[in-house]
Structure formats: C-alpha cells, structure tokens
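Peer 1: when you get a sec, could you give me coordinates for this:
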Amino acid sequence: MSKTLLRPLALTALMLPWVLAWGAVERETFELHVTIPTNDFYVLPLDPQLVQREQRLPFSNITSELSPLRATYEVKNSNGAIGARLAEEAYLSNGRERIDLKVKFNNVELTLDSTQVVSALEARPGRQVPLEIAAIKPDDGYRTGEYYGTVHMVFDAVAP
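Peer 2: Numbers count the residues shown, from 1 in each chain. I've put the predicted structure just below:
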C-alpha cells in the first residue's frame with residue numbers, strides 16, 4: 001500500500017517545478033532611441049540622459065548655495081566655427097520668485113545674441129567641451145520653494 005501512495009506523490013513532486021515554471025512569466029520592455037549625427041556638424045551631450053530627464057541643482061543647507069550643473073558635450077563642424085545663444089532668458093521660478101541662471105558653453109557665457117563658442121580650428125576635428133549652468137544668487141538670498149525652469153540653447157554652424 002505504501003508503494004501505491006509513494007509513486008503518485010513522487011511523480012507529483014517531480015512534476016511540480018515544471019508546472020510552476022510554466023505559470024511564472026517575466027517580461028521586459030525597453031524603449032530605445034538613437035541619434036546618429038552627420039559627420040559635418042553636431043553638438044551632442046556626452047551623456048544622452050542629460051536632455052532626456054530633469055536635472056537638479058543641489059542646494060547646500062550649510063552654505064546656502066546651489067551647486068552648478070556641469071556636463072560635457074561633443075561638438076564638430078568640419079566647415080567652420082560653432083556659434084551658440086539662448087533662445088530665451090534662462091531662469092528658475094516657483095511662480096512668485098525667480099532665480100536667474102548663468103549658462104556657459106566651452107567657458108563662454110551665452111546670451112540671447114549668438115556668440116562663437118568653438119573656433120573653426122577646434123571644431124574641424126571635433127572635441128569635447130564643458131557646459132555649466134549656475135544659479136545667480138539673489139541679493140537677498142534664495143527664498144524657500146520648489147523652483148523649475150528650462151534652458152533653451154541654439155547652436156549654429158558658422159561658415160568660415
């Protein structure tokens with residue numbers, strides 16, 4: 001009698017892992033994106049996540065300062081220099097208060113007027129250049145709140 005009970009139990013024990021494996025399903029979904037620039041002109045962040053997600057300027061409670069955002073861009077213009085400008089003023093706002101931002105590309109401060117940021121000699125072979133976005137501390141200090149803003153930069157291929 002014990003043999004007749006043990007055989008079905010043993011068979012069930014052997015089949016149980018297979019039955020559970022059939023019931024367990026894992027799926028992964030990935031979103032992919034690629035930008036393949038032309039070989040003649042491009043201005044791209046080294047880290048593509050820089051422009052795809054919101055960036056933070058960390059605030060230090062000890063010094064009451066905002067740390068700047070620093071990033072690296074790859075640039076190239078095989079036919080001349082590279083110019084840059086801001087499409088609009090760069091600032092952070094909480095709806096009432098405003099914190100102006102200083103934007104420097106390749107150590108050149110950007111304004112609403114186009115300025116050469118990479119010379120033709122440097123741009124021809126391509127290179128990596130720094131971007132820095134820093135808060136300009138108001139005279140009366142930073143006010144409490146959640147601040148948001150957008151920095152719009154425009155890059156031009158400058159003919160020789």
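
Peer 1: contacts and neighbour counts: CA atoms only from here.
Peer 2: Fine.

Peer 1: what's the nearest residue to the residue positioned nearest the centre of the chain if we skip its chain neighbours?
Peer 2: Geometric centre of the chain, nearest residue: Leu50, 1.0 Å, by C-alpha atoms, centre = their mean. For Leu50, ignoring the flanking residues on the chain, the nearest one in space by C-alpha to C-alpha, 6 or more residues apart in numbering is Ala71 at 7.9 Å.

Peer 1: could you pull out the buried residues of the helix or strand containing that neighbour?
Peer 2: Counting by DSSP states H and E, the element that carries Ala71 is strand 69-77. Within strand 69-77, the residues scored as buried using 16 or more other C-alpha atoms under 10 Å are Thr72, Tyr73, Glu74, Val75, Lys76, Asn77.

Peer 1: straight-line length of stretch 36-43, end to end?
Peer 2: Distance across stretch 36-43, first residue to last, is 11 Å (C-alpha to C-alpha, to the nearest Å).

Peer 1: now stretch 86-98
Peer 2: 18 Å.

Peer 1: tell me the mean pLDDT over it?
Peer 2: In this model, stretch 86-98 has a mean pLDDT of 93.

Peer 1: got a list of what the residue nearest to Leu50 touches?
Peer 2: Going by C-alpha atoms under 8 Å, 6 or more residues apart in numbering, Ala71 touches Pro45, Leu46, Asp47, Leu50, Pro130, Leu131, Glu132.

Peer 1: go again with 7 Å.
Peer 2: Pro130, Leu131, Glu132 (C-alpha atoms under 7 Å, 6 or more residues apart in numbering).

Peer 1: helix or strand: which one has the first one?
Peer 2: To tie it back to what came earlier, the one meant is Pro130. Using DSSP H and E, Pro130 falls within strand 127-135.

Peer 1: now tell me what touches that strand from outside.
Peer 2: By C-alpha under 7 Å, 6+ apart, strand 127-135 touches 66, 68-76, 99-106.

Peer 1: can you rerun that using 6 Å?
Peer 2: For strand 127-135, contacts defined as C-alpha atoms under 6 Å, 6 or more residues apart in numbering pick out 68-75, 101-106.

Peer 1: make a markdown table out of those and add distance to Arg143 and pLDDT.
Peer 2: Output for the contacts of strand 127-135, formatted as a markdown table (distance: C-alpha to C-alpha, whole Å; pLDDT from 0 to 100):
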| residue | distance to Arg143 | pLDDT |
| --- | --- | --- |
| Pro68 | 17 | 95 |
| Leu69 | 20 | 94 |
| Arg70 | 23 | 95 |
| Ala71 | 26 | 95 |
| Thr72 | 30 | 97 |
| Tyr73 | 32 | 96 |
| Glu74 | 36 | 96 |
| Val75 | 37 | 96 |
| Leu101 | 15 | 95 |
| Lys102 | 18 | 97 |
| Val103 | 21 | 97 |
| Lys104 | 24 | 97 |
| Phe105 | 28 | 97 |
| Asn106 | 30 | 98 |
